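J.: Predicted model follows, preceded by the sequence.
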Amino acid sequence: MERRKFKPGTLPSNDYAFTGNIFVSDNNYRYFQTQQKKKGTLFLSINGFILKTEPLSQLSDDEIGLSSFLRDATRISKLDELEVKIAEVKEQNPLDSLDFTVDKVYILDQSVKLDNQGLVNIHEKEVIGSLRKSLDQKYINRGEIIPLLINEGLLVRVSIKKFESLKEGTGELRYGVMMKETNISVSVDPTCKNQIKIQSDKVKEKQIFKKNFNFQELGIGGLDREFQEIFRRAFNSRRYPQHVIDKYGIKHVRGMLLYGPPGTGKTLIARQIAKALDCHEPKIVHGPEIFDKYVGEAEKKIRALFADAEKDMKELGDESNLHIIIFDEIDAICRQRGSTGNSGTGVNETVVNQLLSKMDGVDSLNNILVIGMTNRKDMIDEAMLRPGRLEIHLEIGLADEKGRRQIFEIHTRHMRENNLMHSDVDLDHLAKITKNYTGAEIEAVSRSATSFALFKDLDLSVIGQTNTDQKNPKKPSSQPTKGKEQTSTLGNLEKQVKMADFLQALDEIKPAFGIDNTNLSNSLRGGFYQYGERFDELYKTGINFINEIRNSKNTPLLSVLLEGKNGSGKTALAAKFALESRFPFVKLISPENFVGYSEQGKISAIVKIFDDAYKSPLSLIVLDDIERLIEFIHIGPRFSNAILQTLLVLIKKKPNNADRKLMIIGTTSMRSILQEMEVVDCFNVCLNVPSIRSKSEMASVLSNFKASSQEVNKITKELFELEDIVASGGIPIKNMVLSIELALQNSSSGQIEHQAFMESLKAVHHY
């Protein structure tokens with residue numbers, strides 16, 4: 001095919017430029033028409049571009065007319081010599097989709113109206129209509145620049161962003177043909193955001209998550225509800241184009257706070273969310289590392305965290321990708337202003353101010369998401385928790401049975417895939433018995449179970465030896481070891497983990513939000529004795545209250561006060577109720593646990609236990625010896641009003657969540673004193689723990705020890721003939737048991753003797 005050389009010529013008017021065609025002289029047009037094989041529209045090829053060609057009499061035979069738009073696209077200057085040939089088109093390449101970008105705006109007439117923001121408003125339909133008209137019966141070239149005249153007063157320059165062929169496997173096309181079925185979309189280049197706005201009726205979903213991402217592979221169990229809420233509130237709006245969101249008059253969520261007990265998966269959620277999103281690499285700040293010894297450096301680090309997002313917002317506008325900033329232990333950074341006593345001049349206050357201004361200031365960004373994580377939501381500055389800042393507050397609590405099952409599946413997946421978990425392992429049963437275990441604790445259980453399995457056949461006496469000749473390790477064995485030197489102490493390398501290993505691990509790993517077994521068991525160390533109808537009725541009433549709080553949907557809080565004489569077994573009874581309840585969270589608050597604590601330290605410890613209880617679905621707290629907790633003494637009298645007021649509030653405070661329940665059992669030997677302090681009125685029920693006051697009750701207790709019926713009759717008869725014992729209201733069970741133990745120590749027969757018991761009781765009960 002003959003190539004002819006031309007120089008760029010000047011078009012006589014803009015009307016020719018707006019057509020998007022090239023022009024040659026009449027003579028050259030006739031010449032090219034005779035040379036092309038197929039008659040019809042003439043297409044010439046210049047620098048790889050296939051362009052529609054028309055005759056123009058004003059051009060000389062050595063000139064070719066191109067608009068400045070085409071010169072920019074083909075990279076031709078006015079001084080270049082052009083080689084032109086007739087285009088050889090083998091494939092039409094019909095296009096499936098075309099994406100155009102408006103990258104320049106020319107206002108030709110002052111009659112063009114601007115909106116209140118100074119922007120030209122045009123509808124996408126107008127642009128697409130002009131494009132279809134301009135590109136009809138033409139080839140569309142990759143990298144082509146197209147001038148579009150809209151409404152006679154507005155000229156826009158449109159660049160081809162991308163196009164896709166209807167045919168699969170065509171690779172990257174250089175040109176194509178627009179069909180009626182071709183989908184066309186038009187967007188505005190960020191450089192023109194302050195000039196033009198294109199309105200559209202289309203709702204094209206933005207891809208915010210990575211393609212082919214499987215949420216089952218995130219490795220987070222028991223948090224399905226939390227993930228749904230995060231997606232609905234934080235990410236759902238980002239799926240829609242900005243012009244749709246503008247119609248609702250809302251802004252995207254810029255921040256969320258994940259709070260809850262340690263080990264429940266807050267950091268894991270933030271890390272995995274960032275991994276799932278199709279966004280920039282998240283920036284992670286670990287607590288106080290933001291602070292610096294130099295003045296102003298901490299604030300500078302905060303500004304640096306937002307610098308990339310600000311740059312993207314200026315360059316790309318609403319097309320900017322999401323930027324995620326993660327603050328781990330955010331309470332160390334955003335502590336309440338004024339709490340440090342610096343009157344707002346401390347570095348902590350200025351860091352909070354800087355963060356607030358970046359998140360929700362005058363030039364706030366719409367392409368950021370700040371995720372904060374903390375165990376202490378109460379310590380964070382309240383301004384950070386308002387809408388526009390960290391507006392989503394999501395509690396990541398303890399997993400339920402279904403969630404614990406998912407967590408066990410995640411942490412045993414590799415065992416199952418490699419056939420290293422025995423068939424007797426029942427994950428459903430493990431999930432059922434691990435109430436109030438956090439995700440981190442369940443992971444620790446799986447790790448501990450594996451250690452038990454690997455330890456089974458280990459011989460510690462030869463663990464440091466590598467030679468199979470164990471009798472004489474220093475002397476080399478004369479027999480070949482066939483490569484066993486390195487594994488002789490390991491046995492079978494791949495040992496299966498069994499259910500017994502998991503059960504042993506559960507004995508080793510105890511939940512932080514579980515049952516206070518040690519203190520409760522210590523309260524029952526002397527035994528638990530039931531005596532008489534009155535005690536049986538009391539015990540039955542307590543069990544009924546436990547069942548009430550467990551089963552009732554209308555009782556989120558139930559408090560019971562056990563009152564009685566010193567030694568009547570109130571603490572033991574409360575501990576018995578606590579253990580019998582089998583609630584997942586049970587704690588004993590006893591004065592002996594706070595010896596050496598300051599008043600404020602004691603208050604903080606009590607408040608923390610109650611806060612932990614509110615995180616569990618079913619909790620029980622024992623307030624033992626309340627008069628000692630408030631430091632009451634008769635001399636003065638004196639007591640801690642701060643601790644008293646704390647207890648008065650906490651005993652009556654219901655859990656915030658509707659699905660959480662709390663039972664409180666208090667004990668006291670000074671009901672009258674607590675009545676004056678209004679503590680008794682805070683409890684729903686007050687139950688008296690009786691002393692032993694009848695012969696049958698005495699005989700019931702003695703039946704638990706070695707004693708002849710004759711000796712028992714002598715003891716019961718003499719006891720209840722004593723006026724002092726009858727007048728005092730009976731014998732407390734603790735005094736009774738201690739007297740029996742002393743009598744047994746002094747007995748040569750190993751049985752309770754009448755005389756020895758009476759002497760012991762006189763010493764213990766002081767009658």
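T.: Received the coordinates, thanks.
J.: can I assume residue 148 sits in a strand?
T.: Yes - judged by DSSP: H, G, I helix; E, B strand; the rest coil, residue 148 forms part of a strand.
J.: So, low pLDDT: which residues of the protein?
T.: For the chain, the stretches with pLDDT under 70 are 1-3, 117, 166, 168-171, 201-222, 339-347, 457-494, 720-728, 765-767.
J.: Domain ranges for it, per the record?
T.: Following the TED database, one finds the domains of the chain at 4-86, 95-199, 215-338+347-395, 399-458+494-508, 517-688, 695-765.
J.: Okay, and residue 446 sits in which element?
T.: helix 439-455 (DSSP states H and E).
J.: Take the domains of the chain and lay them out in CSV including mean neighbour count.
T.: Where C-beta positions appear, they are placed from N, C-alpha and C, glycine not excepted. CSV is the format used below for the domains of the chain (neighbours: other Cβ atoms under 10 Å):
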stretch, mean neighbour count
domain 4-86, 16
domain 95-199, 16
domain 215-338+347-395, 18
domain 399-458+494-508, 18
domain 517-688, 18
domain 695-765, 17
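J.: what residues are up against residue 30?
T.: Residue 30 makes contacts with residue 55, as judged by Cβ atoms under 8 Å, 6 or more residues apart in numbering.
J.: how much space is there between it and residue 61?
T.: Here residue 30 is placed at a distance of 11 Å from residue 61 (Cβ to Cβ, to the nearest Å).
J.: How about residue 72?
T.: Distance, residue 72 to residue 61, by Cβ to Cβ: 25 Å.
J.: quick one: residue 525 and residue 572, what's the gap?
T.: Taking Cβ to Cβ as the measure, residue 525 falls 9 Å from residue 572.
J.: what does residue 593 give?
T.: Distance from residue 593 to residue 572, by Cβ to Cβ: 17 Å.
J.: same question, residue 235
T.: Per Cβ to Cβ, residue 235 is found 54 Å from residue 572.
J.: what does residue 686 give?
T.: 18 Å.
J.: Now name the helix or strand holding residue 121.
T.: Following DSSP H and E, the helix or strand that holds residue 121 is strand 120-123.
J.: which other helices and strands contact that strand?
T.: strand 196-199 (3 or more Cβ pairs under 8 Å, 6 or more residues apart in numbering; DSSP states H and E).
J.: 10 Å instead?
T.: Where contact means 3 or more Cβ pairs under 10 Å, 6 or more residues apart in numbering; DSSP states H and E, strand 120-123 is packed against strand 95-107, strand 145-150, strand 154-165, strand 196-199.
J.: Please identify which of the ones you listed is closest to residue 416.
T.: Ranking these by proximity to residue 416 (Cβ to Cβ) places strand 154-165 first, at 42.9 Å.
J.: Need the CA coordinates for the closest one. PDB is fine.
T.: Taking C-alpha atoms only, strand 154-165 is exported to PDB below (Å, rounded to 0.1, in the frame of the first residue of the first chain):
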ATOM      1  CA  LEU A 154     -20.400  24.300  25.800                       C
ATOM      2  CA  LEU A 155     -17.500  22.300  24.500                       C
ATOM      3  CA  VAL A 156     -16.000  19.400  26.400                       C
ATOM      4  CA  ARG A 157     -12.900  17.300  25.700                       C
ATOM      5  CA  VAL A 158     -13.500  13.600  26.200                       C
ATOM      6  CA  SER A 159     -10.800  11.000  26.500                       C
ATOM      7  CA  ILE A 160     -11.300   7.200  26.200                       C
ATOM      8  CA  LYS A 161     -10.600   5.600  29.500                       C
ATOM      9  CA  LYS A 162     -11.100   2.000  28.400                       C
ATOM     10  CA  PHE A 163     -13.100  -0.200  26.100                       C
ATOM     11  CA  GLU A 164     -13.900  -3.900  26.000                       C
ATOM     12  CA  SER A 165     -14.700  -6.100  23.000                       C
END
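J.: How far away from the center of its chain is the following helix or strand past that strand?
T.: Downstream of strand 154-165, the next assigned helix or strand under DSSP H and E is strand 175-177. Chain-centre distance of strand 175-177: 49 Å, with Cα atoms, centre = their mean, to the nearest Å.
J.: Strand 175-177: what's the following helix or strand?
T.: Criterion used, DSSP H and E; the element after strand 175-177 is strand 183-188.
J.: Which residue ranges of the stretch 601-750 of the chain form strands?
T.: For the stretch 601-750 of the chain, strands defined by DSSP state E, counting those that start in this stretch occupy the ranges 618-623, 661-668, 685-688.
J.: could you redo the ones you listed as a markdown table and give each row distance to residue 744?
T.: Putting the strands of the stretch 601-750 of the chain into a markdown table (distance: least, Cβ to Cβ, whole Å) gives the following:
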| stretch | distance to residue 744 |
| --- | --- |
| strand 618-623 | 31 |
| strand 661-668 | 28 |
| strand 685-688 | 30 |
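J.: Between those, which one is closest to residue 540.
T.: strand 685-688 (11.2 Å).
J.: Neighbouring strands - and their directions - for the closest one?
T.: strand 557-563 (parallel) (DSSP bridges).
J.: chain center to the strand it pairs with, what's the gap?
T.: 36 Å.
J.: Please tabulate the helices and strands packed on strand 120-123 in JSON lines, including the columns distance to residue 438.
T.: As requested, the helices and strands packed on strand 120-123 are arranged in JSON lines below (distance: least, Cβ to Cβ, whole Å):
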{"stretch": "strand 95-107", "distance to residue 438": "48"}
{"stretch": "strand 145-150", "distance to residue 438": "60"}
{"stretch": "strand 154-165", "distance to residue 438": "48"}
{"stretch": "strand 196-199", "distance to residue 438": "50"}
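J.: what about the ones you listed, which gets the closest to residue 638?
T.: Nearest to residue 638, of those and by Cβ to Cβ, is strand 196-199 at 74.2 Å.
J.: Report all helices and strands that the closest one contacts.
T.: By 3+ Cβ pairs under 10 Å, 6+ apart, strand 196-199 packs against strand 95-107, strand 120-123, helix 124-134, strand 154-165, strand 183-188, helix 242-248.
J.: Redo those as CSV? Include distance to residue 383.
T.: Formatted as CSV, the helices and strands packed on strand 196-199 follow (distance: least, Cβ to Cβ, whole Å):
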stretch, distance to residue 383
strand 95-107, 40
strand 120-123, 37
helix 124-134, 41
strand 154-165, 42
strand 183-188, 36
helix 242-248, 25
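J.: between the ones you listed, which gets nearest to residue 659?
T.: helix 242-248 (32.2 Å).
J.: any idea how far the closest residue to residue 701 other than its chain neighbours lies from residue 622?
T.: What sits nearest to residue 701 in space, not counting adjacent residues and going by Cβ to Cβ, 6 or more residues apart in numbering, is residue 531, at 5.1 Å. Between residue 531 and residue 622 the computed distance is 22 Å (Cβ to Cβ).
J.: To residue 505, which of the helices and strands packed on strand 120-123 lies closest?
T.: strand 154-165 (55.4 Å).
J.: what about residue 574, helix or strand, and which?
T.: Using DSSP H and E, residue 574 sits in helix 570-581.
J.: Now that helix - C-alpha only, PDB.
T.: Extracted C-alpha coordinates of helix 570-581, given in PDB (Å, rounded to 0.1, in the frame of the first residue of the first chain):
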ATOM      1  CA  LYS A 570     -24.000 -17.000 105.200                       C
ATOM      2  CA  THR A 571     -20.700 -17.000 103.100                       C
ATOM      3  CA  ALA A 572     -20.800 -20.700 102.700                       C
ATOM      4  CA  LEU A 573     -24.500 -20.600 101.600                       C
ATOM      5  CA  ALA A 574     -23.800 -17.800  99.200                       C
ATOM      6  CA  ALA A 575     -20.800 -19.700  97.700                       C
ATOM      7  CA  LYS A 576     -23.000 -22.800  97.400                       C
ATOM      8  CA  PHE A 577     -25.600 -20.900  95.500                       C
ATOM      9  CA  ALA A 578     -22.900 -19.400  93.300                       C
ATOM     10  CA  LEU A 579     -21.500 -22.800  92.400                       C
ATOM     11  CA  GLU A 580     -24.900 -24.500  92.000                       C
ATOM     12  CA  SER A 581     -26.100 -21.700  89.600                       C
END
